[in-house]
Structures are given as structure tokens and as C-alpha cells.
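> all I have is the shape, not the residue letters:
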Ligand code: MLT
């Protein structure tokens, strides 16, 4: 009997992969063989010696002490690509929301009083105040060409955007999946130079901290949009704030609440929603459950 300890928000379809006659799966297991989690932070947990594997139902593993676990011989798995469509859709939604000023426009209309005499003239005023712009012909820089970055790049291209991608380590498989009309840049600076929007799809490491910063933001076109649906710290928030205040940047779409930017009219702040669709939660849980099971039963290692 294998014992799997689960933490928050693991989709049921993933748990169904562990047949109950061979597995005990619960959130309060004694001496577990494996741990299965989503964004729960494992750094402060005293992980029992019985643990052989840890499965992250998502792509980022920065909530797991990977190095310390690897030194103990514990295999760490993630679910690359399983949430790529969910994140891609949110990036495209963010671009459209910001380009059409949809959130402030909706807030403006909601704040009007339909019983007031000037209601219709106020609506008309809103129509002029929130004129937006269209995406075709605008240039999007995609930093990171893994499963998510490639999906975003192809979708933006399908919407008529010019797309330039940067990733020094793109796999052959992902390179093949890229739409042939997508340019490849040799550096972050080159990708962002003359871009109207930038979106990041890389893990947070010492090399990617402040990857988007005052210097390369300065090379973007006036009125550019910045998107961070990856990890807090990849974009230098203070530099973005400066660009927004100086009206060099049009909008910041971030999946992390940023101190000092909450309520800013041109910042769209989301509560880490990138992977939060029923489909993505199931895909991630199923992928990670399959990997854990294959490892525990057969010793196979995929994505460790
Ligand atoms: C990820 O790294 O894939 C996301 O953080 C997933 C999540 O929201 O759990």
C-alpha cells in the first residue's frame, strides 16, 4: 500500500488515478511515500524520511526545496504544459482588457446612477473617454518559449500581432511548434526593443530576477503593455510603476498583488489565476498523479 499526502486544491480526477486498493490518499497521512501539492509552500515543512517523491501539480517548483530534497534522493516532479492553455488564454484576455480599457470602462458605467437625468450623456462621455486600440500589427515580445510561451506567441500571431520570442534554451520540440511567422531575438533587450507589449514565461531564478527592468522597458514603444503571469520578481515592479506614472507605459497586467499599485487605474491585478481553470487543475493533477504512480510502482522518472 502506497501512501500519498495531498495539500490544497488537488483536482479529484488526479486523485482517481490512485486505485484505493493500492493507495491511501489523504491530507493527513502518517509516514507518506509521496507528497502531491499545488501552490502550498513546502519550504517550512519538516518532510518525513519516508517520502520518496514530491509532485507539483503545476509548472513552477519554487514552493519546493528541490535542491535539499534531491540531496536526500527524493524525486521532484512537475507538470509542464498541463496548464499552458489556461495561462495562454489569460495572457490574451489581459492584452485585450488593457488595450480596450475594459476594466476602468466597466467600473465607470457601474458607478453611474441610471435614475439621474444626465445618465445617457454620462454613458456617451464614457464612450469617448475609454477609446482603446487594436492588436493587429502591434509587436509582442514573448520572453520564454516553453509550452506556455509558445502557446501565447502562436495565439498572439493568430490575432494579427507581430511576435518576437526570446529563449536561449528553447527545446527542438517547442521550436517546431512555433508559428513560422514568429521572429527569434538573440537577447531580452533585442526582443523588447520597439515592442508594444512584453510577456514573461520563465521560472524565477537568479538569472531571471528583474528580467524586465528600467533599461529594457526604456527600449519599448510609447504606450507599451507589460504582463507578468509567471512569477513575482521577474518584472521590476518599481520600474513599471515609474513607466506608468510617466505615461510611457499603458498598462501592467500582473498575477500578483503589488504593494503600492493596488487600485492603480492602469494596473490589472489578479490573484494568481493563470492556471485556475477546471480543465487546467485537472490536467495538472492527472499528469502529476500519473508520474508519481509510475515512479512509485516502476521507478520511472519523467520530468524530475
Ligand atoms: C504554476 O506554476 O504552474 C502555477 O503557479 C500553478 C498554480 O497556480 O498552482
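Thanks, I have it. This one's a predicted model, so the numbers in the text were calculated from it and none came from an experiment.
> tell me which stretches of the chain form strands.
Under the criterion DSSP state E, the chain contains strands at 2-6, 23-26, 34-37, 53-56, 75-77, 139-143, 162-166, 183-184, 197-200, 224-228, 249-254, 267-269.
> so residue 137 touches residue 161, yeah?
Yes: with contact defined as CB atoms under 8 Å, residue 137 and residue 161 form a contacting pair (7.4 Å). Quick note: C-beta positions are derived from backbone N, CA and C, even for glycine.
> quick one, which of the two is more surrounded?
residue 161 (23 against 9; other CB atoms under 10 Å).
> thought residue 134 was touching that one, still the case?
No: Residue 161 lies out of contact with residue 134 (CB under 8 Å); the separation is 9.9 Å.
> got the contact list for residue 53?
Shown in contact with residue 53 (CB atoms under 8 Å, 6 or more residues apart in numbering): 33-35, 74-77, 292, 295-296.
> now residue 143: closest residue in space that isn't a chain neighbour?
Closest residue to residue 143 apart from its sequence neighbours, by CB to CB, 6 or more residues apart in numbering: residue 200 at 4.8 Å.
> how about the one you found, what does it touch?
Each residue near residue 200 by CB under 8 Å, 6+ apart is listed here: 143-144, 208, 211-212, 227-230, 234-235.
> the same query, at a cut-off of 7 Å, please.
With contacts defined as CB atoms under 7 Å, 6 or more residues apart in numbering, residue 200 is in contact with 143-144, 211-212, 228, 230, 234-235.
> need the max-distance pair from those.
Farthest pair in those (CB to CB) is 144 and 235. Separation: 12.4 Å.
> ok, the two, which is more surrounded?
Neighbour tally, residue 144 and residue 235, criterion other CB under 10 Å: the higher count belongs to residue 235, 28 against 24.
> for that one, name its beta-bridge partners.
Here residue 235 sits in beta bridges with residue 212, going by DSSP bridges.
> the ligand contacts on the stretch 201-304 of the chain?
Residues of the stretch 201-304 of the chain lying close to the ligand by CB under 6 Å from any ligand atom are 272, 275.
> show me where the stretch 201-304 of the chain has helices.
Using DSSP state H, counting those that start in this stretch, the helices found in the stretch 201-304 of the chain span residues 214-217, 237-245, 278-298.
> same for the longest one, what does it pack against?
Going back to what we said before, that points to helix 278-298. Secondary-structure packing of helix 278-298 (3 or more CB pairs under 7 Å, 6 or more residues apart in numbering; DSSP states H and E): helix 12-15, strand 34-37, strand 53-56, strand 75-77, helix 84-99.
> could you do the second one as well?
With contacts defined as 3+ CB pairs under 7 Å, 6+ apart, the packing partners of helix 237-245 are helix 214-217, strand 249-254.
> rewinding a little: of the helices of the stretch 201-304 of the chain, flag the one that's most buried.
Among these, helix 278-298 has the highest mean neighbour count (mean count of other CB atoms under 10 Å), at a mean of 20.
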